[in-house]
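In: predicted model and sequence below, questions to follow.
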There are 2 protein chains.
Amino acid sequence: MDAGELLNLLGNENRRRILNLISQKPCYVTEISEHLEVSPKAVIGHLRMLEESGLIVKKPSEIQNDNQRRKYFHIAQNMRLEVTVSPYKFGMKRAYPARHSLDISSCQYISLTMPLLISESHPLENISTSSDHAQKISSNITLAASQLRELREIEKELSIAQRWVHGKIITLLDNLSSSLGGANNTDASILLALSKKDTMHEDDISRTFNISPLILFERLEILEKVGLINKTRESTWRLN
Amino acid sequence: MDAGELLNLLGNENRRRILNLISQKPCYVTEISEHLEVSPKAVIGHLRMLEESGLIVKKPSEIQNDNQRRKYFHIAQNMRLEVTVSPYKFGMKRAYPARHSLDISSCQYISLTMPLLISESHPLENISTSSDHAQKISSNITLAASQLRELREIEKELSIAQRWVHGKIITLLDNLSSSLGGANNTDASILLALSKKDTMHEDDISRTFNISPLILFERLEILEKVGLINKTRESTWRLN
C-alpha cells in the first residue's frame, strides 16, 4: 500500500471514525455500527476495504467466556503518514517506526537526550504469573507511564523542530524566488525545480515547465557554464 | 479547514495530481487538463473544491506579454499533515511552518546544530535591480542551494528521530499490554486509554470501553487508591 492508496482510504470520514474507534479497543461489526450510528452494511463495506489494504485485521475474541465467537477488528499496522503542501512542494511519505537497528547517534545536526528506557532485553515482568499482582501492575504502569510521558515530550519537541525547519525552508525559497524576480524566470524555475529533487531528467523539466527542448538545452548549458548546475549522467541534472 | 476536511480533499487521486502539478508551476485550467489527461470539466470541479478550502488560489498571470489574461492556480498554504495509525492510536494533526517567534533552544530533549542561515533581516539582494545580474544570481542561488541542502538534511534527521521515538513508544506499549495480560483487562484498558490522552472524562471511558458506569466508578476508585490515576476535575481523570 503506497501513500496514495492510504490517502484514498483515509479520505472518508466514516473510515476515519472506524479507525479511531478500534484504536481505542478492538470491536466487532455490531458494536462499530452502534457506536458510530452507521448501518451494519456500510460498516462491513468500510471494514472490507480497510482489511484488504492490510491496515486492519480481524481476530476471534480473546475473552474466554465469549461464546459467540465474534470477530474483533484490530488495527494491524504502525505507521505515520506525512503530507506536505506548499507552493514549493506537494509530497506524501509514509514512515514506519524504527524498532531496533536505527542509530540516531550518527545524526549530524540533531542530538537527543535519551530518556531512561525500559531495556528491550528486560521487558516488563509478566503480571499474570506473578504473586503480588496489584503491586507489580502498579509499579509497571507507573514506570511505563513516566517513560511514555518523556517519549511524548520528545515527539512534541521534534514536531516543533520540524515546524522550525519548515519555516526556514519557506523563508529561504520565498526570498530566493522574489530575488530572482518571480517564478516566470525560466532559469529560476529550473533552479528551484532542481533544488526540490536530488536530480531531474531533462524530459521532466521540459514537461513540467512547458519549455521547448531547444530552449531548455540552451538554458541548461548556460547554467552549467556559470557553475550553478551539473550533469550527473546523460540528460540528468543536479544543483551544484 | 480541519485535518478531516483536508483528508477528504486529499482522498482523490486527481486532486493530488493537480496539487503536485501546480506545486511545480502555477497552471491554468487547460494546461492542467492536458498535463493530467483529465477533462476540463472534472478539473474545474476539483479546482473549485480546492479553492473553496483555501488550499489553492487563482491569480492573473504575472507574465507581461500574456494577453489572454488567463487565471493561474497556485498553492496558497504551507502546511504539513501528519496521520498516525497504530493499534494504540489513530491521530491526525496539521502543522504550520514556524516563521519567526518559535524558540527551539528551549527544547529539553533535543538540540539542533543550527546551520548558517541567510539572516531574515538581510534577505537575498534583489537581482532585477542590480547591475551585475548573472553573477549575483549565481552567488545567491549557490548560497541558497547550500543552505537548502543543510535544512533538508535536518528534515531527514528529524524524520529518523521521529521513527526512533515512534518505535520506542510502540515497544513500550506492546510490553505493557502483554505484561497486563492483554487488552481485555478492564484496568489495563482504562490505564492505556488514559496514557493516550492528557485527561479523559468518565463518560468517554465508559462509552469507549462499553463499561457500565457503576463498574467503571468502582475500578476508577481502586486505581486512584493505588495511586495510578487521579482526578483533574469533576469526572475527569489523568494518569499519575
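Out: That came through, no problem.
In: in stretch A:146-155, what's buried?
Out: Neighbour-count burial for stretch A:146-155 flags A:147-148, A:150-151, A:153-155 (criterion: 16 or more other Cβ atoms under 10 Å in any protein chain shown). Using the backbone N, CA and C atoms, a C-beta is placed for each residue, glycine as well.
In: quick check: mean pLDDT of that stretch?
Out: Computed over stretch A:146-155, the mean pLDDT rounds to 83.
In: quick one: it to chain centroid distance?
Out: Put simply, stretch A:146-155 sits 19 Å off its chain's centre (Cα atoms, centre = their mean, to the nearest Å).
In: quick one on the thing from earlier: now the buried residues of stretch A:146-155 in CSV, with secondary structure?
Out: What follows is the buried residues of stretch A:146-155, written out as CSV (DSSP: H, G, I helix; E, B strand; the rest coil):
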residue, secondary structure
A:147, helix
A:148, helix
A:150, helix
A:151, helix
A:153, helix
A:154, helix
A:155, helix
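In: strands of chain A, start to end?
Out: Taking DSSP state E, the strands of chain A run over residues A:56-60, A:71-75, A:79-86, A:89-95, A:110-112, A:200-201, A:229-233, A:236-239.
In: and of those strands, who's closest to residue B:42?
Out: The minimum distance between residue B:42 and the strands of chain A falls on strand A:89-95, with 18.8 Å, by Cβ to Cβ.
In: ok, of the strands of chain A, where does mean pLDDT dip lowest?
Out: For those, mean pLDDT drops lowest on strand A:110-112, to a mean of 80.
In: check whether that one contacts chain B.
Out: Yes: using Cβ under 8 Å from any Cβ of the partner chain, strand A:110-112 reaches chain B at A:110-112.
In: for that strand, packing partners?
Out: If you count contacts as 3 or more Cβ pairs under 8 Å, 6 or more residues apart in numbering or on different chains; DSSP states H and E, strand A:110-112 packs onto strand B:110-112, helix B:133-179.
In: so what's the gap between it and the chain middle?
Out: Its chain's C-alpha centre and that of strand A:110-112 lie 20 Å apart, by Cα atoms, centre = their mean.
In: tell me what the closest residue to residue A:105 other than its chain neighbours is bridged to.
Out: In space, and not counting its chain neighbours, residue A:105 is closest to residue A:111: 8.0 Å by Cβ to Cβ, 6 or more residues apart in numbering or on different chains. Residue A:111 has these beta-bridge partners by DSSP bridges: residue B:111.
In: would you check that residue A:111 makes contact with residue B:111?
Out: Yes: using Cβ atoms under 8 Å as the test, residue A:111 is close enough to residue B:111 to be in contact (5.3 Å).
In: how many other residues sit next to residue A:7?
Out: By the measure other Cβ atoms under 10 Å in any protein chain shown, the count of residues near residue A:7 is 22.
In: do residue A:95 as well
Out: So residue A:95, with other Cβ under 10 Å, has 17 neighbours.
In: ok, now how distant is it from residue B:38?
Out: Here residue A:95 is placed at a distance of 30 Å from residue B:38 (Cβ to Cβ, to the nearest Å).
In: give me the most central residue, chain A.
Out: Centre of chain A computed as the mean C-alpha position; nearest residue by Cα atoms, centre = their mean is residue A:81, 2.6 Å away.
In: wait, which of the helices and strands packed on strand A:110-112 is closest to residue A:16?
Out: helix B:133-179 (19.9 Å).
In: got a list of what the residue in chain A positioned nearest to chain B touches?
Out: Per Cβ to the nearest Cβ, residue A:11 is where chain A lies closest to chain B, at 1.2 Å. Taking Cβ atoms under 8 Å, 6 or more residues apart in numbering or on different chains, we find residue A:11 in contact with B:7-12.
In: repeat that with 7 Å
Out: Contact analysis of residue A:11 by Cβ atoms under 7 Å, 6 or more residues apart in numbering or on different chains lists B:7-8, B:10-12.
In: leaving out the residues flanking it, which one is nearest to it?
Out: Nearest to residue A:11 is residue B:11, by Cβ to Cβ, 6+ apart, at 1.2 Å.
In: ok, residue A:227 next?
Out: Nearest residue to residue A:227, sequence neighbours excluded (Cβ to Cβ, 6+ apart): residue A:240, at 6.0 Å.
In: buried ones in the least confident helix or strand in chain A by mean pLDDT, by neighbour count?
Out: Sorting the helices and strands of chain A by mean pLDDT, DSSP states H and E puts helix A:186-196 at the bottom, at a mean of 72. Within helix A:186-196, the residues that count as buried by 16+ other Cβ under 10 Å are A:187-196.
In: restrict the residues you listed to those near chain B?
Out: Filtering the buried residues of helix A:186-196 for proximity to chain B by Cβ under 7 Å from any Cβ of the partner chain leaves A:189, A:191, A:193, A:195.
In: pLDDT below threshold where in chain A?
Out: Within chain A, the stretches with pLDDT under 70 are A:62-68, A:100-102, A:114-139, A:141-142, A:179-186, A:188, A:196, A:209-210.
In: how's it carved up into domains?
Out: A:3-75, A:186-239 (automatic domain parsing).
In: export those domains to TSV and tack on distance to residue B:26?
Out: Putting the domains of chain A into TSV (distance: least, Cβ to Cβ, whole Å) gives the following:
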stretch	distance to residue B:26
domain A:3-75	23
domain A:186-239	10
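In: residue B:91 is nearest to which of the ones you listed?
Out: Here domain A:3-75 is closest among those (Cβ to Cβ), at 8.4 Å.
In: distance between the closest one and the chain's centre?
Out: Using Cα atoms, centre = their mean, the offset of domain A:3-75 from its chain centre is 22 Å.
In: end to end, how far does it reach?
Out: End-to-end distance of domain A:3-75 (Cα to Cα, to the nearest Å): 17 Å.
In: burial check on the residue nearest to residue A:105, number of neighbours?
Out: The burial count for residue A:111: 16, using other Cβ under 10 Å.
In: how much space separates it from residue B:157?
Out: Distance, residue A:111 to residue B:157, using Cβ to Cβ: 10 Å.
In: Serialize the helices and strands packed on strand A:110-112 to a markdown table and add fields for distance to residue A:90.
Out: A markdown table is the format used below for the helices and strands packed on strand A:110-112 (distance: least, Cβ to Cβ, whole Å):
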| stretch | distance to residue A:90 |
| --- | --- |
| strand B:110-112 | 26 |
| helix B:133-179 | 16 |
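In: quick one: closest of these to residue B:223.
Out: helix B:133-179 (14.8 Å).
In: quick one on the thing from earlier: how about the residue of chain A closest to chain B, phi and psi?
Out: phi -80, psi 20 (degrees, to the nearest 10).
In: same check, this time on residue A:37
Out: phi 50, psi 50.
In: tally of neighbours for it?
Out: Residue A:37 has 7 neighbours, counted by other Cβ under 10 Å.
In: now do residue A:237
Out: Applying other Cβ under 10 Å, I find that residue A:237 has 23 neighbouring residues.
In: ok, residue A:44 next?
Out: For residue A:44, using other Cβ under 10 Å, the count is 12.
In: not counting sequence-adjacent ones, nearest residue to it?
Out: The spatial neighbour of residue A:44 that comes closest, neighbours along the chain excluded (Cβ to Cβ, 6+ apart), is residue A:29 at 6.2 Å.
In: list the contacts for that neighbour?
Out: Contact partners of residue A:29, counting by Cβ under 7 Å, 6+ apart, are A:40, A:43-44, A:47.
In: residue A:199 now?
Out: Contacts of residue A:199 by Cβ under 7 Å, 6+ apart are A:232, A:236-238.
In: most neighbours among those, which one?
Out: Scoring those on neighbours with other Cβ under 10 Å, the highest-scoring entry is residue A:237 at 23 neighbours.
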